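Visitor: structure for this input, please:
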Amino acid sequence: MNRHIDTLLVANRGEIACRVMRTAKALGLTTVAVHSAIDADARHAREADLRVDLGGAKPADSYLLVDKLIKAAHASGAQAIHPGYGFLSENAGFARAIEEAGLIFLGPPASAIEAMGSKSAAKALMETAGVPLVPGYHGEAQDYETFRSAAAVIGYPVLLKAAAGGGGKGMKVVEQESELAEALASAQREAQAAFGDARMLVEKYVLKPRHVEIQVFADQHGNCLYLNERDCSIQRRHQKVVEEAPAPGLSPELRRAMGEAAVKAAQAIGYVGAGTVEFLLDARGEFFFMEMNTRLQVEHPVTEAITGLDLVAWQIRVARGEPLPLTQEQVPLNGHAIEVRLYAEDPDHDFLPATGTLELYREPSAGPGRRVDSGVAEGDTVSPFYDPMLGKLIAWGENREEARQRLLAMLAETAVGGVRTNLAFLRRVLAHPAFANAELDTGFIPRHQGTLLPPPGELPESFWQLAASAFVQGEAARVRDDDPYSPWNAASGWRVGLPAETDLALRCGDAQRVVRLRAGSAPQARLVGEQLLVEQDGLRRQHLAIRRGDNLYLQWGSELRGVQRVDPIAEAEASHAHHGGLTAPMNGSIVRVLVEAGQRVEAGTALVVLEAMKMEHSIRAPQAGVVKGLYCSEGELVSEGAALVELEEA
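Guide: Below you'll find the model as predicted:
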């Protein structure tokens with residue numbers, strides 16, 4: 001039975017909402033966006049044909065309110081709802097409520113979500129089907145003693161995982177029993193906050209595994225097939241950052257075995273629509289079932305790139321009741337594709353999420369083999385309430401090396417300023433010889449940490465000279481931008497009878513420097529538009545140099561550095577005021593205060609637990625001391641840099 005869809009509501013935000021609406025518009029559908037109060041001007045809301053304000057800020061007050069989403073669909077005339085990924089995309093109650101409201105859910109039946117939505121139930125199902133499982137406990141009992149006993153039997157290290165979710169939320173690696181209680185409590189809180197379900201499971205932490213997943217698709221007529229596989233082994237904080245298709249080194253026989261196992265799992269639960277079955281693959285070619293994601297995945301573009309298919313278009317057609325357009329034998333596999341996720345986060349500080357305003361945001365140009373899926377634009381704000389992914393860059397090539405080189409070129413064209421990002425980190429990953437040689441496993445980042453996450457080095461004098469030159473020339477251009485040859489544009493600090501020089505106090509990150517520019521000093525730098533041209537010893541180089549307000553973004557090596565002019569006296573006074581204080585590393589909410597004023601603590605003691613972007617972060621004592629003051633309380637929203645605890649050295 002075919003069902004009519006001409007208006008589609010996307011119950012999500014960010015890049016996935018923009019991506020779904022792009023295909024919906026191409027098919028002639030009217031698109032409807034929903035948004036929280038603070039997302040009123042977000043890109044997904046701006047691009048939709050219609051928009052509905054859900055109010056609130058946190059997901060629990062906006063994007064997770066089932067009744068409001070269904071009312072929005074009725075009010076806008078939408079016949080169908082696409083859940084995107086995250087939020088309610090794998091919530092069986094949401095899927096059931098949509099169908100009961102007479103609407104169409106662009107996802108599997110609620111019964112299929114229930115069967116696979118619980119990792120524990122999914123493990124039991126796969127065990128019945130004869131698919132190998134990683135040793136673990138997936139039972140109903142959730143008390144500490146049960147997990148302690150199970151971990152002792154499994155053997156450390158173990159992995160705690162939220163039974164009802166994914167994406168690294170509610171996931172903790174536990175190396176020894178003494179860490180179990182704290183890790184379990186934290187994982188349960190994260191799971192409850194992200195999925196509304198605190199149930200956990202525990203598994204053996206498999207060493208050096210590859211993460212290989214199979215894209216499956218099923219229609220309402222009993223047809224089901226797999227669209228090849230993806231390798232998603234490059235991860236940090238148990239969340240993927242680089243994905244590619246097909247998986248390097250996978251033989252056709254192994255691809256078929258994993259694909260057929262995935263199809264069998266989907267058929268066993270009456271699956272409909274797009275889904276992904278995830279496996280751990282060890283070096284011997286044995287694979288173990290991990291979980292099934294009953295939704296479209298973040299990394300679906302690489303599958304689209306090697307098959308030439310539009311998976312969102314398939315979702316819409318399947319929801320209308322149409323059969324799959326291909327058989328298994330007709331599924332293409334052409335070339336290679338690699339995707340990276342661009343996040344607002346700080347790789348130098350354990351990839352903590354970052355917030356702020358995108359003062360600068362430039363994406364690489366589109367073209368053959370080049371795709372960008374993003375959900376932000378310059379001037380947008382990255383809030384502490386949602387996942388910090390800004391977008392995804394996808395490159396396709398005739399082979400893996402061509403795709404890798406093309407993606408490196410795309411990353412070189414990308415510029416972000418105003419918030420910390422993982423842009424330079426992604427470039428180091430793709431340029432690493434081990435990645436080029438496809439030496440992949442989930443321990444890739446820790447194993448190559450020294451190269452991928454080098455300690456911040458001292459910036460050389462040549463950097464500060466270039467930054468000062470760009471500042472001076474940029475400000476001169478503001479004086480007479482109508483006459484580039486005006487002597488007032490020189491801004492050289494020329495004085496009668498004295499050397500021409502200019503002093504500037506600059507800051508880049510935590511580093512500060514007073515830079516003295518002298519006329520005629522080498523190297524010679526000239527600002528032309530947004531390129532700083534540097535000539536020295538007959539060689540000319542160019543550095544991107546972009547001004548945004550009082551900030552200069554200067555390309556240095558493979559990174560875009562943010563530089564500001566500062567008042568040294570004011571900076572010194574501010575530094576003195578914060579002496580001995582521990583501050584919030586990002587915007588967020590205080591979920592636990594673990595100490596009291598006057599309490600003595602040891603180095604490493606957790607003092608405060610901060611929640612931001614659905615993850616918990618512990619603020620710990622850098623050294624032994626006494627808590628002199630507490631400046632936060634549980635439930636309080638705090639801004640980045642806000643003083644939380646004052647610690648006096650013992």
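
Visitor: make it CA atoms for all contacts and neighbour counts henceforth
Guide: Will do.

Visitor: partner strands of the helix or strand harbouring L607 and their direction?
Guide: Using DSSP states H and E, L607 sits in strand 606-612. Strand 606-612 pairs in its sheet with strand 588-593 (antiparallel), strand 615-620 (antiparallel), by DSSP bridges.

Visitor: other residues contacting the lengthiest strand in the chain?
Guide: Longest strand of the chain, by residue count under DSSP state E: strand 224-236. Strand 224-236 is contacted by residues 209-218, 240-248, 255, 259-260, 262-263, 266-267, 302-303, 307, 327-328, 331, 333, 351, 440-445 when judged by CA atoms under 8 Å, 6 or more residues apart in numbering.

Visitor: who wins for proximity to N2 among the strands paired with strand 606-612?
Guide: Closest to N2 of the strands paired with strand 606-612 is strand 615-620 (CA to CA; 41.7 Å).

Visitor: right, and V515 touches L506 too?
Guide: Yes. Assessed by CA atoms under 8 Å, V515 is found in contact with L506 at 7.4 Å.

Visitor: shared neighbours, those two?
Guide: Joint contacts of V515 and L506 (CA under 8 Å, 6+ apart) are W464, A468.

Visitor: thinking again about what came up before, hey, least reliable of the strands paired with strand 606-612 by pLDDT?
Guide: Confidence, taken as mean pLDDT, is least for strand 615-620 of the strands paired with strand 606-612 (a mean of 83).

Visitor: now the angle from the next helix or strand after that one to strand 588-593?
Guide: Using DSSP H and E, the next helix or strand after strand 615-620 towards the C-terminus is strand 625-630. Inter-element angle recorded for strand 625-630 and strand 588-593: 120 degrees (by axes from the mean of the first three to the mean of the last three CA atoms, to 10 degrees).

Visitor: averaged pLDDT, whichever helix or strand comes after strand 625-630. What do you get?
Guide: Using DSSP H and E, the helix or strand that follows strand 625-630 in sequence is strand 637-638. The pLDDT scores in strand 637-638 average 86.

Visitor: same question for stretch 351-358.
Guide: 92.

Visitor: next one: stretch 531-546
Guide: Across stretch 531-546, pLDDT averages out at 88.

Visitor: how far away from the center of its chain is it?
Guide: Distance, stretch centre to chain centre, for stretch 531-546: 33 Å (CA atoms, centre = their mean, to the nearest Å).

Visitor: spatially nearest residue to L407 (excluding sequence neighbours)?
Guide: Leaving aside its chain neighbours, L407 sits nearest to A395 (5.2 Å; criterion: CA to CA, 6 or more residues apart in numbering).

Visitor: quick one, what contacts A261?
Guide: Going by CA under 8 Å, 6+ apart, A261 touches V131.

Visitor: list the buried residues for the helix or strand where it lies?
Guide: Using DSSP H and E, A261 sits in helix 252-268. By neighbour count on 16 or more other CA atoms under 10 Å, the buried set for helix 252-268 is R255, M258, G259, E260, A261, A262, V263, K264, A265, A266, Q267.

Visitor: and the angle for it with strand 224-236?
Guide: 110 degrees.

Visitor: past helix 252-268, which element shows up next along the chain?
Guide: With DSSP H and E, the next secondary element past helix 252-268 is strand 273-281.

Visitor: just checking, what packs against that following strand?
Guide: Where contact means 3 or more CA pairs under 8 Å, 6 or more residues apart in numbering; DSSP states H and E, strand 273-281 is packed against strand 210-218, strand 287-293, helix 311-320.

Visitor: rerun at 6 Å
Guide: strand 210-218, strand 287-293 (3 or more CA pairs under 6 Å, 6 or more residues apart in numbering; DSSP states H and E).

Visitor: wasn't the residue nearest to L407 part of a strand?
Guide: Yes. The assignment for A395 is a strand, going by DSSP: H, G, I helix; E, B strand; the rest coil.

Visitor: buried deepest among the strands paired with strand 606-612, which one?
Guide: Looking across these with neighbours counted as mean count of other CA atoms under 10 Å, the highest average goes to strand 588-593: a mean of 21.

Visitor: list the contacts of it.
Guide: Residues outside strand 588-593 that contact it (CA atoms under 6 Å, 6 or more residues apart in numbering): P384, V608, V609, L610, E611, A612, E634, G635, E636, L637, V638.

Visitor: try it again with 8 Å
Guide: Taking CA under 8 Å, 6+ apart as the rule, strand 588-593 contacts 384-385, 607-613, 632-640.

Visitor: mind exporting it as PDB, just the C-alpha atoms?
Guide: Below are the C-alpha coordinates for strand 588-593, written out as PDB (Å, rounded to 0.1, in the frame of the first residue of the first chain):
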ATOM      1  CA  GLY A 588      27.800  23.500  30.800                       C
ATOM      2  CA  SER A 589      25.800  22.600  33.900                       C
ATOM      3  CA  ILE A 590      27.100  21.400  37.300                       C
ATOM      4  CA  VAL A 591      25.700  17.900  38.000                       C
ATOM      5  CA  ARG A 592      27.700  17.100  41.100                       C
ATOM      6  CA  VAL A 593      29.800  19.000  43.700                       C
END
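
Visitor: buried set for stretch 529-536?
Guide: For stretch 529-536, by 16+ other CA under 10 Å, it's E530, Q531, L532, L533, V534.

Visitor: what's the offset of it from the middle of its chain?
Guide: Remark: stretch 529-536 is offset 33 Å from the chain centroid, using CA atoms, centre = their mean.

Visitor: what mean pLDDT would you report for stretch 281-301?
Guide: Mean predicted lDDT for stretch 281-301 stands at 89.

Visitor: before we move on, what about stretch 122-131?
Guide: For stretch 122-131, the per-residue pLDDT averages 77.

Visitor: next one: it to chain centre, how far?
Guide: 31 Å.

Visitor: kindly export the longest strand of the chain (C-alpha atoms) in PDB.
Guide: Taking Å, rounded to 0.1, in the frame of the first residue of the first chain, the C-alpha atoms of strand 224-236 are listed here in PDB:
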ATOM      1  CA  CYS A 224      16.500  -6.700   2.300                       C
ATOM      2  CA  LEU A 225      20.100  -6.200   1.100                       C
ATOM      3  CA  TYR A 226      23.400  -4.800   2.300                       C
ATOM      4  CA  LEU A 227      25.200  -1.800   0.700                       C
ATOM      5  CA  ASN A 228      28.700  -2.900   1.400                       C
ATOM      6  CA  GLU A 229      30.600  -1.900   4.500                       C
ATOM      7  CA  ARG A 230      32.400   1.000   6.200                       C
ATOM      8  CA  ASP A 231      35.500   1.000   8.400                       C
ATOM      9  CA  CYS A 232      35.100   3.400  11.400                       C
ATOM     10  CA  SER A 233      38.100   2.500  13.500                       C
ATOM     11  CA  ILE A 234      39.600   6.000  14.000                       C
ATOM     12  CA  GLN A 235      37.800   7.000  17.200                       C
ATOM     13  CA  ARG A 236      38.300   9.300  20.200                       C
END
